[in-house]
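Peer 1: Kindly generate the corresponding structure for this input.
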Amino acid sequence: MSTTTATTTSAPATKTARSNVKSPSALAHVVLRTSNYVQMVRFYKDFLGAHASYENDALSFLTYDNEHHRLAICNIPGTGPKAPTSAGLEHLAFSFDSLDDLALTYRQRKALGMCPVWSVNHGPTTSIYYRDPDGNTVETQCDNFDTVEGANAFMSGSEFAENPFGVDFDPEVLCERLARGESSEVIKRRVEIGPRGIETLPIL
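Peer 2: Have a look, this model is predicted:
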């Protein structure tokens, strides 16, 4: 059998095998390594309203719902500072049920001295980003559409293709609009600004 024939016959088999892999039922947890252990644990307890299901001087397993842990923090001496230009995880994202909840959590975190580094209406979500003590980016978000189908339709459209990153907003203005009784549906509607490139993002 020639090399050409072998390449041609093996490609479809690989594609079929990948499409038949069983997907997970859920994303269970994320683990962060740090040498800034006390500060990181305190941050995530405060940030997530979480508590430790188990904790010692080396490990903290944190949860905020019925899962035994959603986030684990490992105290690993010698861990160096985060390098912004290295490959790896870009950010963690946590969802809230409504725009009112997102605004409430913004105000609560602000009262704790936690201020956003970016607030943006992506289109599918309204999102507020923070940084933890190690410099990892953490997103809080709420869905802008009532259904997955609605979000998928927006993401398949020309406006999202032109600007897949989103439109920045001031969370203080968002809170003021909600306080005036303005509809969440209106506030969540993205205002189009035309093309936007990745080089404009403040968190990179």
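
Peer 1: contacts, neighbours, all on C-alpha from now
Peer 2: Will do.

Peer 1: Got the confidence number for Val21?
Peer 2: We note a pLDDT of 89 for Val21 in this prediction.

Peer 1: so it sits in a strand?
Peer 2: No - according to DSSP: H, G, I helix; E, B strand; the rest coil, the state of Val21 is coil, so it is not within a strand.

Peer 1: how deep is it tucked in, by neighbour count?
Peer 2: Residues lying near Val21 (other Cα atoms under 10 Å) number 8.

Peer 1: How about the contacts made by Pro77?
Peer 2: Counting by Cα atoms under 8 Å, 6 or more residues apart in numbering, Pro77 makes contact with Thr34, Ser35.

Peer 1: That one: what secondary structure?
Peer 2: Three-state call for Pro77 (three-state DSSP): coil.

Peer 1: And Thr140, by the same measure?
Peer 2: Relying on three-state DSSP, one would call Thr140 strand.

Peer 1: Check Ala87 too.
Peer 2: coil.

Peer 1: Now for it, how many residues are close by?
Peer 2: Neighbourhood size, Ala87 [other Cα under 10 Å]: 7.

Peer 1: Pop out the phi and psi values for it.
Peer 2: Backbone torsions of Ala87, given as degrees, to the nearest 10, read phi -70, psi 150.

Peer 1: Please determine how far it is located from Asp132.
Peer 2: Ala87 sits at a distance of 18 Å from Asp132 (criterion: Cα to Cα, to the nearest Å).

Peer 1: What is the neighbour count of the closest residue in space to Asn75 that isn't next to it in sequence?
Peer 2: In space, not counting the residues next to it along the chain, Asn75 is nearest to Ala58; the distance is 4.7 Å by Cα to Cα, 6 or more residues apart in numbering. Counted with other Cα under 10 Å, the neighbours of Ala58 add up to 13.

Peer 1: same thing with Ala111?
Peer 2: 10.

Peer 1: mind checking pLDDT for the residue lying closest to Arg196 once chain neighbours are set aside?
Peer 2: Using Cα to Cα, 6+ apart and skipping the chain neighbours, the partner closest in space to Arg196 is Asn163 (5.1 Å). Per-residue confidence (pLDDT) for Asn163: 98.

Peer 1: Show me the domain layout of this structure.
Peer 2: Domain assignment for the chain by automatic domain parsing gives 28-75, 90-196.

Peer 1: Those into JSON lines, with extra columns for distance to Lys82?
Peer 2: Listed next are the domains of the chain as JSON lines, based on distance: least, Cα to Cα, whole Å:
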{"stretch": "domain 28-75", "distance to Lys82": "9"}
{"stretch": "domain 90-196", "distance to Lys82": "7"}
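
Peer 1: Quick check: which of these is nearest to Leu204?
Peer 2: domain 90-196 (9.1 Å; Cα to Cα).

Peer 1: if you go through the protein in chain order, where are the strands?
Peer 2: Using DSSP state E, the strands of the chain run over 30-34, 51-55, 59-63, 71-75, 91-96, 118-121, 125-131, 137-143, 167-168.
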